[in-house]
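Colleague: Mind folding the following:
(chains A and B)
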Amino acid sequence: AQSVSQHNHHVILSEAASLELGCNYSYGGTVNLFWYVQYPGQHLQLLLKYFSGDPLVKGIKGFEAEFIKSKFSFNLRKPSVQWSDTAEYFCAAYSGGYQKVTFGTGTKLQVIP
Amino acid sequence: EAQVTQNPRYLITVTGKKLTVTCSQNMNHEYMSWYRQDPGLGLRQIYYSMNVEVTDKGDVPEGYKVSRKEKRNFPLILESPSPNQTSLYFCASSLYKLAGGTEQYFGPGTRLTVT
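Modeller: Numbers count the residues shown, from 1 in each chain, chains lettered A, B, ... in the order given. Below you'll find the model as predicted:
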């Protein structure tokens, strides 16, 4: 079955610390991968996405993610977090030919000033 | 402004009382979908629609119905709500069917409580 795993459920960082959130997927074939962010009380917004080409993708607000096919991973990174990055982050995926989207369980990031 | 709207935003109801949550998008998107978000479970897809009159089940369709009579609207119907359907519901849309990196745009969410 297709699945998306996020192993970090709750991460607490100080401002200026580096961030890496893990995402692993179990899809065969062509996979489309996404990171969405949900700020407190708001709806989901797209941070970045990958479906082909350069495996290192850059998104908004200084976030980036690297697609490593051999590891079935799509980890989210940011060199220096800010208090305003406090939010819940979701990894999501769908594969070619299927119209269902699978989300990970989410990672709550708390950045301490 | 391009957006996905949902109504109501908050709803408290009782077991068994039929309800409808509306979803509308003004972007002429073909694909629309409903999700529920529960703590520790992330978002789970309930139903999706690839176009007018084309709908299909997601991963958790039990207890829900949908219809897509117009391109812009995709209502979620709970014929007989139960307490285990208490959740935060999101509607989303995308320009085309899911392929080639097509991203989804999400509505603001509807918090439903069934007592």
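
Colleague: For chain B, which residues are neighbours of chain A?
Modeller: Residues of chain B found near chain A (C-beta under 8 Å from any C-beta of the partner chain) are B:31, B:33, B:35, B:40-45, B:48, B:50, B:56, B:58-59, B:90, B:92, B:97-104, B:106-109. Every C-beta, even on glycine, is put in place using the N, C-alpha and C of the backbone.

Colleague: What does the closest residue to chain B within chain A show for phi and psi?
Modeller: The nearest approach of chain A to chain B comes at A:F51, 3.5 Å away (C-beta to the nearest C-beta). Backbone dihedrals for A:F51, given as degrees, to the nearest 10, come out at phi -140, psi -20.

Colleague: What is the neighbour count of it?
Modeller: 18 (other C-beta atoms under 10 Å in any protein chain shown).

Colleague: try A:I68
Modeller: Residues near A:I68, counting by other C-beta under 10 Å: 12.

Colleague: Please list the residues of chain A that sit near chain B.
Modeller: Residues of chain A found near chain B (C-beta under 8 Å from any C-beta) are A:6, A:9, A:32, A:34, A:36, A:42-46, A:49-52, A:90, A:92, A:94, A:96, A:98-106.

Colleague: redo that, cut-off 6 Å
Modeller: Counting by C-beta under 6 Å from any C-beta of the partner chain, chain A comes close to chain B at A:32, A:43-44, A:46, A:49, A:51, A:94, A:99-101, A:103-106.

Colleague: Is it possible to mark the buried ones in the residues of chain B next to chain A?
Modeller: B:31, B:33, B:35, B:42-45, B:48, B:50, B:58-59, B:90, B:92, B:97-99, B:102-104, B:106-109 (16 or more other C-beta atoms under 10 Å in any protein chain shown).

Colleague: where exactly do the strands run in chain B?
Modeller: Remark: strands assigned in chain B by DSSP state E are B:4-7, B:10-13, B:19-25, B:31-38, B:42-51, B:54-57, B:65-66, B:76-78, B:87-94, B:105-106, B:110-114.
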